[in-house]
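Enquirer: Provided below for reference: sequence and predicted model.
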Amino acid sequence: MPGRIWRGEMYLDVQDLKNFYYRSALGRAVQQVLRGRLRQMWPETKGMTIAGFGFALPLLRPFLPEARRVIGLMPGPQGVMAWPPGLPNITTLVEEALWPLETGSVDRLVMLHGLEMSDDPGALLQEARRVLGPGGRAVFIVPNRAGIWSRTDRTPFGYGKPYTIGQLEGALRLHDFAPERAATVLYQPPSVRRTWRRLGPMLESVGTHLPAIYAGGVLMVEAVKVPAPRTPARPRSVLEKRSLRILGPATSPAAMRYR
């Protein structure tokens, strides 16, 4: 799966992602698994604004009939595609850490093929937090460092930086997200062989009953935006107070002579 270099990181072209998710049996199976688990996390989104960053389009379709607004944000190095087919376009090309959305305007955010590709994941998380409203929720989907999907370049999950659950949750806490639940998915191998495709649903069903530490190929962590801690006001020191008096406007005649 070819990709293109941008600022030292590997970004997949939007056409490669489109071909994988919409034109390959393996990609359609991945789409079904991720979409099903996301829907379990968010069963009710009526009247909400939902945004997807990276290449989240395969997961957004179930929300179109019920959400108030659905937005597909696609990073510049990746490229953009019009979506959904036959309906008004809801996608836009954006800079990684500069989204054309008002602060606090999003209720739900899903990030797929975004965080692991980012040259500055901290800035990306800050922007994600900015657009979420109070109590807004986000699901971050990344390759599992311990899984076999991150070890092959046959799928998009073999590119970018894979994470462990601890690494991902630590990064989220650092940027004022509170992780609430984590899941691993894609227990089937990243193979196009028909035998594995037939066994795929059974393997995923078994995997859902395993603890999250077992090596599914992809991590999904849902986190809620929490208020940023306020920095207490620091009392001005005696030196600062003296400095303010010294630098204040001179009003006496004696002082005026030396201006």
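Expert: Yes, it's here.

Enquirer: Glu44: how many residues sit nearby?
Expert: 7 (other C-beta atoms under 10 Å). From N, CA and C alone the C-beta is placed, and that goes for glycine too.

Enquirer: helix/strand/coil for Pro77?
Expert: Three-state call for Pro77 (DSSP: H, G, I helix; E, B strand; the rest coil): coil.

Enquirer: my guess is it contacts Tyr11. True?
Expert: Yes - counting by C-beta atoms under 8 Å, Pro77 touches Tyr11, with 4.2 Å between them.

Enquirer: element containing the spatially most central residue of the chain?
Expert: Compute the mean C-alpha point of the chain, and by C-alpha atoms, centre = their mean the closest residue is Met111, 3.0 Å away. For Met111, the host element (DSSP states H and E) is strand 106-112.

Enquirer: may I see the buried residues of whichever helix or strand comes after that strand?
Expert: Moving toward the C-terminus from strand 106-112, the next helix or strand (DSSP H and E) is helix 121-131. Buried residues in helix 121-131, counted by 16 or more other C-beta atoms under 10 Å: 121, 124-125, 127-131.

Enquirer: now do helix 121-131 and strand 106-112, the angle between them.
Expert: On the basis of axes from the mean of the first three to the mean of the last three C-alpha atoms, to 10 degrees, helix 121-131 is oriented at 150 degrees to strand 106-112.

Enquirer: taking helix 121-131 as reference, get the angle to the following helix or strand past helix 121-131.
Expert: Sequence-wise, the next helix or strand downstream of helix 121-131 (DSSP H and E) is strand 132-143. Inter-element angle recorded for strand 132-143 and helix 121-131: 140 degrees (by the same axes, to 10 degrees).
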